[in-house]
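Asker: Structure for the following, please:
(one chain, ligands or ions: 1)
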Amino acid sequence: MDLTGILQKIAIPRPNHSESVKQTAEYIKELLSSWNVPFVVQDFILRPHMQLLVGLTALIIAVLFFIFVIRKKPLFALIMALAIPALLIIEFEAFIPVVSSLIQTAGENIIVSFTAPNAVQEIIFCAHYDSKTDFFDHIERAKIYKWIPQFIVLGLLLPIWLFLGKKFKFFSNRFSKTLTGILSTFVVIFWLLVFLGFGGYIFIDKKDQSFGAIDNGGSVVTLLALAKDINEGRVKTGKTNITILLTQGEEVTLQGADSYIKKRFLKTPVEPKLPTKLVNLELVGQNGNMIYWKKVGVFLKFYTSDEKLAEQLNKAWIKISGNSMDMEKKITDDSQRFCAADIPSITVGHSGIPGKGMGGFHSTDDSMDRFNLKNLELMIATLETYIEAYDN
Ligand SMILES: [Zn+2]
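Answerer: Purely as a prediction, here's the structure:
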């Protein structure tokens with residue numbers, strides 16, 4: 001199997017709002033068909049510009065906030081100040097579309113299922129096939145986003161200051177007026193920067209977009225190879241049902257995984273349920289040791305990955321390489337949706353060291369230059385060893 005050749009086909013900019021993400025899905029399906037691997041497609045409503053729309057709405061609210069502060073309308077300013085965190089929490093934590101559904105298109109999860117007779121458990125292996133390019137790199141972005149709580153608080157304090165100004169002279173003198181003017185301007189500038197972080201990708205030229213070779217092309221290739229090997233009987237799956245889930249929409253806040261979970265586990269609770277676990281793949285096929293992430297989350301709540309899974313995968317990795325897995329602190333990825341549905345989950349990948357490590361993703365640095373074929377092959381072997389270790 002020409003793993004490098006397959007990755008080369010996938011490693012093109014394929015953001016969720018592009019035509020190329022559809023071409024990538026077509027390529028994956030054609031490849032599976034050519035190998036006689038059966039699959040189904042799960043359609044879902046994709047909101048490809050989620051971050052752009054949320055960021056733009058927050059910016060508009062911040063401008064309204066500024067106007068109400070300048071015009072000394074504390075009640076309206078307070079409503080605006082509350083609207084921003086409410087919007088972020090509803091969209092990014094509760095996964096309820098408010099403004100993000102203004103632009104919709106069709107998304108596709110590609111699912112391969114291998115069912116075992118008398119199965120006693122199911123393992124879902126997941127990887128997303130969409131890519132993303134960000135306006136700021138992740139270090140610049142983190143410098144901005146870490147101020148979100150402070151600016152939310154500042155937004156709430158300014159209307160209170162204005163309320164006090166109606167009662168006490170001190171809060172409405174000239175100094176106070178200048179100060180509230182300056183601070184509310186800062187609020188607007190800050191949410192402008194957040195908007196660029198969220199939605200600035202629309203200003204990026206096609207030639208400057210991430211190829212998504214490592215995030216998350218390598219993981220997709222790993223799972224395609226795993227599907228082929230299982231289909232051709234090279235993996236003893238025993239009494240384990242194996243599901244291979246290739247999601248779209250991960251880069252626009254885990255929409256493919258969210259849809260999969262809602263359609264499969266939340267809407268049909270009557271389905272006979274086997275104990276199910278998730279092994280999610282991110283950043284597979286760059287340099288370095290195998291790693292797993294301790295925590296996963298989007299914005300506020302972070303879940304802890306399953307210790308038992310970490311132990312079992314570590315065992316497999318030791319068997320293959322002689323090394324123990326390393327741990328990274330936290331990540332935002334599809335496994336968050338499984339954790340939220342109480343399914344034991346873990347995300348594994350490669351450390352990227354020597355090299356850019358966890359840096360350089362969502363930019364042109366995520367190219368074939370970072371690809372390490374040997375590591376990808378080792379990941380396939382590790383996952384197969386892990387499956388076969390279930391003595392059933
Ligand atoms: Zn990713």
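Asker: what is the mean pLDDT for the helix or strand containing I189?
Answerer: Element membership for I189 (DSSP states H and E) is helix 174-199. Here helix 174-199 scores 94 as its mean pLDDT.
Asker: Report the contact partners of S335.
Answerer: Contact analysis of S335 by Cβ atoms under 8 Å, 6 or more residues apart in numbering lists 126, 257, 278, 280, 296, 305, 345-347. From N, CA and C alone the C-beta is placed, and that goes for glycine too.
Asker: Where does the prediction get shaky in the stretch 251-392 of the chain?
Answerer: Within the stretch 251-392 of the chain, the stretches falling below the threshold (pLDDT under 70) are 268-272, 392.
Asker: Who's the closest spatial neighbour of the closest residue to the ion within the stretch 1-150 of the chain, skipping the chain neighbours?
Answerer: Nearest to the ion, among the residues of the stretch 1-150 of the chain, is H128, at 5.7 Å (Cβ to the ion). Among residues not flanking H128 along the chain, E250 sits closest, at 3.2 Å (Cβ to Cβ, 6 or more residues apart in numbering).
Asker: Against the ion, how distant is the one you found?
Answerer: The gap separating E250 from the ion is 6 Å, by Cβ to the ion, to the nearest Å.
Asker: Would you quantify the distance from that residue to D137?
Answerer: Distance, E250 to D137, by Cβ to Cβ, to the nearest Å: 19 Å.
Asker: can you check R47 too?
Answerer: Taken as Cβ to Cβ, the span from R47 to D137 is 25 Å.
Asker: okay, those two: which has more neighbours?
Answerer: Each of R47 and D137 has its neighbours counted (other Cβ atoms under 10 Å); R47 has more, 26 against 14.
Asker: ok, the spatially closest residue to the more buried one that is not a sequence neighbour - how many residues close by?
Answerer: In space, and not counting its chain neighbours, R47 is closest to S100: 4.3 Å by Cβ to Cβ, 6+ apart. By the criterion of other Cβ under 10 Å, S100 has 24 neighbours.
Asker: With G5 instead?
Answerer: Neighbourhood size, G5 [other Cβ under 10 Å]: 9.
Asker: Around the ion, pick out the residues from the stretch 151-300 of the chain.
Answerer: Residues of the stretch 151-300 of the chain lying close to the ion (Cβ under 5 Å from the ion) are 215-216, 282.
Asker: Fine, thanks again, bye for now.
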